[in-house]
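>>> Next input, structure requested:
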Amino acid sequence: MQGKIYVIHENNDWTQHLQHRLEALELPHELWHLDAGQLDLSSKPPPGVFYNRISASSHTRDHRYAPEFAQGVLAWLEHHGCRVVNGSRALSLEISKVSQYLALNQHGIRTPETIAAVGKHQVIQAARQLDRGSFITKHNRAGKGQGVKLFHSLTALEAYLEGPDYEHPVDGITLIQQYIDSPSPHITRHEFINGKFFYAVRVDTSEGFELCPADVCSIDDAFCPADNTETGTKPKFEILSDYHSEDIARYEAFLSANQVKVAGIESIRDASGNTYTYDVNTNTNYNSDAEAVAQKYGMLALARYLGRLLNQS
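Have a look, this model is predicted:
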């Protein structure tokens, strides 16, 4: 009784690359777009493998309640003993950086010093308590670097909170975080499939905090991941060859303990060589231009992994 591969998601643009790989491998599959729908709790799930790709940034695409609906669907699937890749625990981590940081710390993984606050007054108090000249604010439930702002003073923070550009976090929780001053304008994103390290990507951050690797996010020249042959500038995304890090084993242990099979984990290094892990993406995407150069293909490996699980069912 094999059934199909069911892909649970809320963004067609981020899912089509996986769909194309599943089609090329002739694997039976079906997409479940959970922006809206119904769930009959007395019904039973169909046979197959269920892969969750719900994103913390769904509200930026007017899919405000997709994570909440997905939580119910995943609970239903798990109740019936279905094989679920990135189930309810993965989704809980996806939509809460507070949960991410605490879980990472349990495995000896360093995260930036962070205070969570609800309410503008509490955000200011938290920044004062952090007692650092420069600090970052970000949303607890976000994605693509949404809501990330760098401040060098409490006065600048107060002006932002009361100004027209203020972005209210969708869950009400703002994180006030230690600013990691890296000597190099880049971060490293580690990709994992079946809980195992697949490759690492060097991401250029000189243009800002919009670090989404999906092709659909690269919408203009400033964020183009391809080499610019006229200027000789480097690509925004570059897969690293012969990459080694002591954090990989800790990352794999963290993923295993939290039942996460597919993820992208981002880190940054300060001037003293200390590495800080600041984001876990359980709906990870891959950049096709970087993969073409490296001849490594995340969605192909992911499709093959899901196919193996289906054959085992």
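>>> Can you pull the poorly scored residue ranges out of the stretch 201-313 of the chain?
208-233 (pLDDT under 70).
>>> Do you have the strands of it handy? List them.
237-240, 262-269, 275-281 (DSSP state E, counting those that start in this stretch).
>>> Show me the one of those that comes nearest Ile95.
strand 275-281 (10.9 Å; CB to CB). Any C-beta I mention is one placed from the backbone N, CA and C, and that applies to glycine too.
>>> Tell me the buried residues in that closest one?
Neighbour counts over strand 275-281 (16 or more other CB atoms under 10 Å) mark Tyr276, Thr277, Tyr278, Asp279, Val280, Asn281 as buried.
>>> What strands flank it, and is each parallel or antiparallel?
strand 262-269 (antiparallel) (DSSP bridges).
>>> circling back to that earlier point, any chance of the buried residues of strand 275-281 in TSV with distance to Ile265 as columns?
Formatted as TSV, the buried residues of strand 275-281 follow (distance: CB to CB, whole Å):
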residue	distance to Ile265
Tyr276	12
Thr277	6
Tyr278	9
Asp279	7
Val280	5
Asn281	7
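>>> my guess is Leu309 meets Val85, correct?
Yes - the pair Leu309 and Val85 qualifies as a contact (CB atoms under 8 Å) at a distance of 7.1 Å.
>>> what about the closest residue to Tyr297 other than its chain neighbours, neighbour count?
Excluding the flanking residues, the one nearest Tyr297 by CB to CB, 6 or more residues apart in numbering is Glu291, at 5.2 Å. Glu291 sits with 20 neighbouring residues when counted by other CB atoms under 10 Å.
>>> Same check on Val148?
With other CB under 10 Å as criterion, Val148 counts 20.
>>> Ala159 looks like it's in a strand, true?
No - assessed with DSSP: H, G, I helix; E, B strand; the rest coil, Ala159 is helix; it does not lie in a strand.
>>> Let me know the pLDDT of it.
Per-residue pLDDT puts Ala159 at 97.
>>> What's the local residue count around the closest residue to Leu161 other than its chain neighbours?
Leaving aside its chain neighbours, Leu161 sits nearest to Lys120 (4.7 Å; criterion: CB to CB, 6+ apart). A count of nearby residues for Lys120, using other CB under 10 Å, gives 16.
>>> ok but Ser92 is inside a strand, no?
No - secondary structure of Ser92 (three-state DSSP): helix, not part of a strand.
>>> Could you pull out the helices in the stretch 201-313 of the chain for me?
247-257, 288-294, 298-312 (DSSP state H, counting those that start in this stretch).
>>> Which stretch among those helices approaches Gln38 most closely?
Closest among the helices of the stretch 201-313 of the chain, using CB to CB: helix 298-312, at 25.4 Å.
>>> Which positions within the closest one qualify as buried?
So for helix 298-312, counting by 16+ other CB under 10 Å, buried means Gly298, Met299, Leu300, Ala301, Leu302, Ala303, Arg304, Tyr305, Leu306, Gly307, Leu309, Leu310.
>>> returning to that earlier point: how about the contacts made by the residue nearest to Tyr297?
Glu291 is in contact with Ile239, Tyr297, Gly298, counting by CB atoms under 8 Å, 6 or more residues apart in numbering.
>>> Can you give me every residue that contacts the first one?
Applying CB under 8 Å, 6+ apart, we find Ile239 in contact with Tyr199, Ala200, Val201, Arg202, Ala290, Glu291, Val293, Ala294, Lys296.
>>> Of those - the most surrounded one?
Val201 (28 neighbours).
>>> pLDDT wise, what is the closest residue to it other than its chain neighbours at?
Nearest residue to Val201, sequence neighbours excluded (CB to CB, 6+ apart): Arg189, at 4.4 Å. Predicted confidence (pLDDT) for Arg189: 96.
>>> Would you mind giving the secondary structure of Arg189?
Classification of Arg189 by three-state DSSP places it in strand.
>>> Can you get me a residue count around it?
Around Arg189 there are 24 residues (other CB under 10 Å).
>>> One more: Ala253?
Neighbourhood size, Ala253 [other CB under 10 Å]: 15.
>>> from memory it sits against Ile109, does it?
No - contact between Ala253 and Ile109 fails when scored by CB under 8 Å: they sit 9.1 Å apart.
>>> nearest residue to the residue sitting nearest the centre point of the chain other than its sequence neighbours?
Taking CA atoms, centre = their mean, the centroid of the chain lies closest to Asn281, which sits 2.0 Å from it. Spatial nearest neighbour of Asn281, chain neighbours left out: Gly264 (4.2 Å); criterion: CB to CB, 6+ apart.
>>> Count the neighbours of His121 for me.
Residues lying near His121 (other CB under 10 Å) number 10.
>>> contacting residues around it?
The contact partners of His121, by CB under 8 Å, 6+ apart, come to none.
>>> Tell me the secondary structure at it.
His121 is classified as helix under three-state DSSP.
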